[in-house]
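Participant: I would like the atomic coordinates for the input below:
(chains A and B)
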Amino acid sequence: MTAIFIIAEVEKDDEVMAFLSYISLTFIPLLIGFILLYGTYKRVPTYESFVEGGKEGIKIAVSIIPFLVGMLVAISIFRASGALDALMNWLRPFMMTFGVPAEIVPLLIIRPISGTAALGMTSDLIGVYGPDSFIGRLASVLQGSTDTTFYVLTVYFGAVGIKKMGDALKVGLLADVVGIIVSIVIVAFIFGTT
Amino acid sequence: MVNYIWVAMTIIGIVFALINGNMEAVNKAVFDGAKEAVTLCIGLISVLVFWLGMMRIAEESGLLKKLTKLFRPLIKTLFPDVPSSHPAMGYILSNMISNMFGLGNAATPLGIKAMEELKKLNGGKNEASRSMITFLAINTASITIIPTTVIAIRINYHSASPTEIVVPTIIATILSAIGAVLIDRYFYYRRSRKG
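Facilitator: Residues are numbered from 1 along each chain as shown, chains lettered A, B, ... in the order given. Predicted structure coming up:
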């Protein structure tokens, strides 16, 4: 009985996943087709406009190189030297008093700094603790509901040459803190803490 | 502030390496970091060229304007400083929509374009305007509907229910976006009181 139930469950999830991946697979081609048809209908010189817009893309990509090089070098020095690990060890007891599980602390610190490192860590946490554990679920939700603040800031402001960021970094990091708290509360509330 | 953080990360890293005696790792990190950044940018070229090309067609055909009209009330509340018919609105919206569908590589070019328009609105100054900070806050909160990468990882590790985290993620993402906007508002009012 249980086995049948489990199989049915898995099949249902496969269907959901197939549907979701179908949507995301179809969405972009449909969007491209729609833009092109609508442009033709409105008598836009589609190909020429595309090329003109594309030229801008090259300029932007090249202009963000120095911003990203500067930021990523600093981040990788910070990581490779062991300073990041020290920061984590230092912050861990502090965060644990707020009910944050110790295993998740490194992910929380790395999430706003490095997208690839965070993805690796999420994958690692899910692998070690199991996708259906509290840690695994929390890592999943955190990965999905926050973004690499430093990267977004560097790329967006770098591309258009904003030098004075004002409160942007503070606002972005505080928003990450809110995201973290909300994720922990919601996962604990929906799935329990086991 | 960024200047200080940037210098602090580097210097603290070097000092740590001195203490721990792993200068070699730092030397490697300098080149690895630089290389990763350039690789990232080169990877971005293809996406930027394609999507900015597409969006130019969407802009010239009036599609972007139509989209803006549809969501005007929401966007007007979030960005009171941006005139509702301004092209920045169209780019902000398309960026948010791409993010929602998890199309990160389409979202970045649109976000950059939105920033560019917001900078024009701000008289081309090299200072972040109120709308820019709001836009960034919403972006870092990353509103997602389908977290595809995470679902894929969960399937990889044989989760009994890979998609069970979709609803919690949506709730978390919406609440943190609301939080981001409120924090942004708080800082805005603090700034404007200072004058």
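
Participant: residue farthest from the centroid of chain B?
Facilitator: Computed with C-alpha atoms, centre = their mean, the residue of chain B farthest from its C-alpha average is B:Gly21, at 37.0 Å.

Participant: any idea how far it is from B:Val15?
Facilitator: 12 Å (C-beta to C-beta, to the nearest Å). (C-beta placed from N, C-alpha, C; glycine too.)

Participant: what does B:Pro73 give?
Facilitator: Counting by C-beta to C-beta, the gap from B:Pro73 to B:Val15 is 52 Å.

Participant: so between these two, which is more surrounded?
Facilitator: B:Val15 (12 against 9; other C-beta atoms under 10 Å in any protein chain shown).

Participant: spell out which helix or strand contains that one, please.
Facilitator: helix B:2-20 (DSSP states H and E).

Participant: now what about that helix, what contacts it?
Facilitator: Residues from elsewhere that reach helix B:2-20 (C-beta atoms under 8 Å, 6 or more residues apart in numbering or on different chains): A:70-71, A:73-75, A:77-83, A:86, A:153, A:165, A:169, B:23, B:25-26, B:29.

Participant: buried sites along stretch A:175-188?
Facilitator: Neighbour-count burial for stretch A:175-188 flags A:175-176, A:178-184, A:186-187 (criterion: 16 or more other C-beta atoms under 10 Å in any protein chain shown).

Participant: out of those, which touch chain B?
Facilitator: Residues of these in contact with chain B (C-beta under 8 Å from any C-beta of the partner chain): A:175-176, A:178-179, A:182-183, A:186-187.

Participant: need those residues in JSON lines (columns: pLDDT and secondary structure).
Facilitator: Putting these into JSON lines (pLDDT from 0 to 100; DSSP: H, G, I helix; E, B strand; the rest coil) gives the following:
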{"residue": "A:Ala175", "pLDDT": "88", "secondary structure": "helix"}
{"residue": "A:Asp176", "pLDDT": "87", "secondary structure": "helix"}
{"residue": "A:Val178", "pLDDT": "89", "secondary structure": "helix"}
{"residue": "A:Gly179", "pLDDT": "89", "secondary structure": "helix"}
{"residue": "A:Val182", "pLDDT": "91", "secondary structure": "helix"}
{"residue": "A:Ser183", "pLDDT": "91", "secondary structure": "helix"}
{"residue": "A:Ile186", "pLDDT": "91", "secondary structure": "helix"}
{"residue": "A:Val187", "pLDDT": "91", "secondary structure": "helix"}
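
Participant: in those, find the pair that's most separated.
Facilitator: A:Ala175 and A:Val187 (18.5 Å; C-beta to C-beta).

Participant: what's the neighbour count on A:Lys59?
Facilitator: With other C-beta under 10 Å as criterion, A:Lys59 counts 11.

Participant: ok, it - contacts?
Facilitator: Counting by C-beta under 8 Å, 6+ apart, A:Lys59 has no contacts.

Participant: can you check the one 3 residues further on too?
Facilitator: Contact partners of A:Val62, counting by C-beta under 8 Å, 6+ apart, are B:41, B:45.

Participant: please apply the same query to A:Tyr41.
Facilitator: B:Ser61.

Participant: per-residue confidence for it?
Facilitator: A:Tyr41 is assigned 95 on the pLDDT scale.

Participant: can you check the one 10 residues further on too?
Facilitator: According to the model's per-residue confidence, A:Val51 sits at a pLDDT of 95.

Participant: show me where chain A has its helices.
Facilitator: Assigned by DSSP state H, chain A shows helices spanning A:2-41, A:46-80, A:83-96, A:105-110, A:115-129, A:134-145, A:149-160, A:168-191.

Participant: please disregard the earlier target; I meant chain B.
Facilitator: With helices called from DSSP H, chain B shows them at B:2-20, B:23-60, B:63-70, B:72-78, B:87-100, B:104-121, B:130-141, B:148-156, B:166-194.

Participant: just list the residues touching the residue of chain B at minimum distance from chain A, thanks.
Facilitator: Of all residues in chain B, B:Arg56 sits closest to chain A, with a separation of 2.7 Å (C-beta to the nearest C-beta). By C-beta under 8 Å, 6+ apart, the residues touching B:Arg56 are A:49-50, A:52-54, A:56.

Participant: center of chain A, which residue is that?
Facilitator: Central residue of chain A (C-alpha atoms, centre = their mean): A:Asp147, at 4.1 Å.

Participant: what sits against the closest residue to that residue other than its chain neighbours?
Facilitator: Take A:Asp147 and drop its neighbours on the chain: the residue closest to it by C-beta to C-beta, 6 or more residues apart in numbering or on different chains is B:Ser142, 3.7 Å away. For B:Ser142, the contacting residues are A:145-147, B:99, B:173, by C-beta under 8 Å, 6+ apart.

Participant: state the distance from the nearest residue to B:Met54 once chain neighbours are set aside to B:Ile145.
Facilitator: Of all residues not flanking B:Met54 in the chain, A:Ile35 sits nearest, at 5.5 Å (C-beta to C-beta, 6+ apart). Using C-beta to C-beta, A:Ile35 is found at 21 Å from B:Ile145.

Participant: between the two, which one's more packed in?
Facilitator: A:Ile35 (22 against 18).

Participant: isn't that one right up against B:Ala58?
Facilitator: Yes - A:Ile35 lies in contact with B:Ala58 (C-beta atoms under 8 Å); the separation is 5.1 Å.

Participant: in chain B, where is pLDDT below threshold?
Facilitator: In the predicted model of chain B, residues B:1-2, B:101-105, B:146, B:195 satisfy pLDDT under 70.

Participant: rerun that using 80 as the cut-off
Facilitator: B:1-3, B:40, B:43-44, B:47, B:67-68, B:84-85, B:98-106, B:141-149, B:152, B:194-195 (pLDDT under 80).
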